[in-house]
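>>> missing the sequence, but the structure's below:
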């Protein structure tokens, strides 16, 4: 690490940061609606985004600071097992092609803003809806924190904030400023801000990866030398080489599959999806989003490049920012740092909006103020989006940064437990609402307890997301094991509850709702002011 502040890199970083800040505030005027005080407008961008805006928004939403920092950091630390993120992003798109268009259609027809809105409408259960909402909020918090860790990693490598002995306020001031700016333009512009900034974010990321994948190998003697250096490191470390040992293959496969199933259960993924203007936009995006998986595969190779370049860091999350500072000219290192920083701001904004929408629609309106007006909903959602960011910031400032990825993986375990209610409900009404709630509870309890018992060199508890699979004796992803238990409970209890004719709740949807598109008879392009943003407004 270079001594002092890298002034040139910092100057370039500040330039791009100021540019996207201005864009964030100007986004409030982009596609401005007559009535802005609804969650449809603030939280979903008016449900008006076309194919390319949705593509950049979803890309900015899914490929985050986690992508730029944690994926290559995992490869830097553990070898090819860190590549699990590549196959899971390949698996996810055929999966979502089957159900996202159906979710968009029924949500557009009934004015649903969140997945919990749909679950309540489909199963007639506020309790199940509350469980999905709380899970979504809990799973999103560490994900937002991970974005702030990405910004902090960049600031650390640039030398901003001083050393470890610096006063805590001075040390964390740059991150506090970045947080304040993010909070301000998200509050002002809602989902339109990250949608507009995503164009800059993705452009910078593609530029940096294209340059890195060509320029860095040339400086390091080619990919033969890069892979040889990585092989040598992991062989000497007793890992047996780059590829995971046979004992780790179940863990790799189950983590990839479980992560693929979980990705579009996250509230921010659904928020970006529901912001699109038609069912066809969603279908197109599931076919072109895999372009990001190509980028991810190239990006992951940076972990091996950091090894070959001799990067030495105590915190693996600093490996790639440090690689950029060591290998690039200062001005282009600033561009790379800006890509990571903006790559954190975009998803953090969407995630905070998604979590706020869940609280507003499925806790505040359902349980605290059922007669809340659209204006009151929007005001509450704006305030909660600020509180969510404050919570994530507190996590980053008070806990060891190396645990952020493990808590994000814990969030993945939790959010996967909402899949039976959401995806199952999109295709069948057979599952009983009480069975779904019981299955969710079993999955949450088992997943949390199992993860609590996993230790790592830096953590006594929640040190990882893999553990022995009961009955198989293989090490596998806890989230997938919990999901299987969840489904078994749901199926068994559904048979029992249906046999005793337990109340099934009122389904406010109809079969035609799941294939409806914008412009179809009976499908509203804009909900009227009296019902816009209200559950079941139709």
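Structure's in. What do you need? All of these numbers come straight from a predicted model, not from anything done at the bench. Residues are numbered from 1 along each chain as shown.

>>> longest helix in this structure, by residue count?
As assigned by DSSP state H, the longest helix anywhere in the chain is helix 126-157.

>>> which pLDDT value goes with the nearest residue to residue 263 once chain neighbours are set aside?
Closest residue in space to residue 263, ignoring its immediate chain neighbours: residue 92 at 5.1 Å, by CB to CB, 6 or more residues apart in numbering. C-beta: built from backbone N, CA, C; applies to glycine. At residue 92, the model reports a pLDDT of 92.

>>> residue 92: which element?
helix 85-110 (DSSP states H and E).

>>> with residue 242 instead?
Assigned by DSSP H and E, residue 242 belongs to no helix or strand.

>>> also residue 235?
Going by DSSP H and E, residue 235 is in helix 223-236.

>>> for the stretch 301-450 of the chain, what spans make up the helices?
Here the stretch 301-450 of the chain has its helices, by DSSP state H, counting those that start in this stretch, at 302-308, 319-327, 330-359, 374-398, 404-416, 419-427, 433-452.

>>> nearest to residue 60, out of those helices?
Set against residue 60 and scored by CB to CB, the helices of the stretch 301-450 of the chain come closest in helix 330-359, at 3.9 Å.

>>> what residues sit buried inside that closest one?
With burial defined by 16 or more other CB atoms under 10 Å, the residues of helix 330-359 counted as buried are 330, 332-359.

>>> off-centre distance for that helix?
From the chain centre to the centre of helix 330-359 is a distance of 11 Å (CA atoms, centre = their mean, to the nearest Å).

>>> OK, contacts around residue 379?
residue 37 (CB atoms under 8 Å, 6 or more residues apart in numbering).

>>> state the pLDDT value of it.
94.

>>> what's the next secondary structure element after the helix or strand of the chain with the lowest mean pLDDT?
Here the helix or strand of the chain ranked lowest by mean pLDDT, DSSP states H and E is helix 65, holding a mean of 73. Counting by DSSP H and E, the element after helix 65 in chain order, helix or strand, is helix 71-78.

>>> state the mean pLDDT of that next one.
87.

>>> now stretch 256-263
The model assigns stretch 256-263 a mean pLDDT of 92.

>>> what do you get for stretch 215-230?
For stretch 215-230, the mean confidence score works out to 93.

>>> about what we covered before: the helix holding residue 235 to helix 71-78, inter-axis angle?
50 degrees (axes from the mean of the first three to the mean of the last three CA atoms, to 10 degrees).

>>> list the buried ones in helix 223-236?
Buried-residue list, helix 223-236, by 16+ other CB under 10 Å: 226, 229, 230, 231, 233, 234.

>>> so how far is residue 74 from the first one?
With distances defined as CB to CB, to the nearest Å, the gap from residue 226 to residue 74 amounts to 17 Å.

>>> might you list the low-confidence residue ranges for the stretch 301-450 of the chain?
400-405 (pLDDT under 70).

>>> in contact with the closest residue to residue 409 other than its chain neighbours, which residues?
Distances taken as CB to CB, 6+ apart place residue 465 nearest to residue 409, at 4.0 Å, with adjacent residues excluded. Each residue near residue 465 by CB under 8 Å, 6+ apart is listed here: 255, 406, 409, 410, 412, 413, 451, 454, 477, 478, 479.

>>> out of those, flag the one nearest to residue 56.
After measuring the contacts of residue 465 against residue 56 - CB to CB - the closest member comes out as residue 412, at 24.0 Å.

>>> dihedrals phi and psi, residue 48?
phi -120, psi 0 (degrees, to the nearest 10).

>>> residue contacts, residue 306?
Contacts of residue 306 were listed using CB under 8 Å, 6+ apart, and they are 72, 76, 319, 320, 322, 323.

>>> the second one contacts residue 316, doesn't it?
Yes. Contact status for residue 76 versus residue 316: in contact at 5.7 Å, counting by CB atoms under 8 Å.

>>> okay, these two: which has more neighbours?
In this view residue 76 and residue 316 are compared by other CB atoms under 10 Å, and residue 76 has more residues nearby, 26 against 23.

>>> coming back round to it: now render the helices of the stretch 301-450 of the chain as JSON lines, adding distance to residue 243.
Shown next, in JSON lines, are the helices of the stretch 301-450 of the chain (distance: least, CB to CB, whole Å):
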{"stretch": "helix 302-308", "distance to residue 243": "13"}
{"stretch": "helix 319-327", "distance to residue 243": "20"}
{"stretch": "helix 330-359", "distance to residue 243": "28"}
{"stretch": "helix 374-398", "distance to residue 243": "33"}
{"stretch": "helix 404-416", "distance to residue 243": "21"}
{"stretch": "helix 419-427", "distance to residue 243": "30"}
{"stretch": "helix 433-452", "distance to residue 243": "26"}
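
>>> among these, which comes closest to residue 139?
For those, the distance to residue 139 is smallest for helix 404-416, at 3.7 Å, taking CB to CB.

>>> which outside residues touch the closest one?
The contact list for helix 404-416, computed with CB under 8 Å, 6+ apart, reads 66, 70, 73-74, 135-136, 138-143, 145-146, 149, 258-259, 261-262, 265-266, 317, 395-396, 443-444, 447-448, 451, 456, 459, 462-465, 478-480, 482-483.

>>> could you redo the last one with a cut-off of 7 Å?
66, 70, 135-136, 138-139, 142-143, 145-146, 149, 258-259, 261-262, 265-266, 444, 447, 451, 459, 462-465, 478-479, 482-483 (CB atoms under 7 Å, 6 or more residues apart in numbering).

>>> so who does the most centrally placed residue in the chain touch?
Among the residues of the chain, the one closest to the centroid is residue 62, at 5.5 Å (CA atoms, centre = their mean). Residues near residue 62 by CB under 7 Å, 6+ apart: 263, 269.

>>> and of the contacts of residue 465, the nearest to residue 419?
residue 479 (10.2 Å).

>>> tally up the residues packed near the closest one, please.
Residues within reach of residue 479, counting by other CB under 10 Å, total 30.

>>> hmm, it is touching residue 446, no?
No. Here residue 479 does not reach residue 446: they are 10.1 Å apart, not a contact under CB atoms under 7 Å.

>>> for residue 516, helix, strand, or coil?
Recorded secondary structure, residue 516: coil (DSSP: H, G, I helix; E, B strand; the rest coil).
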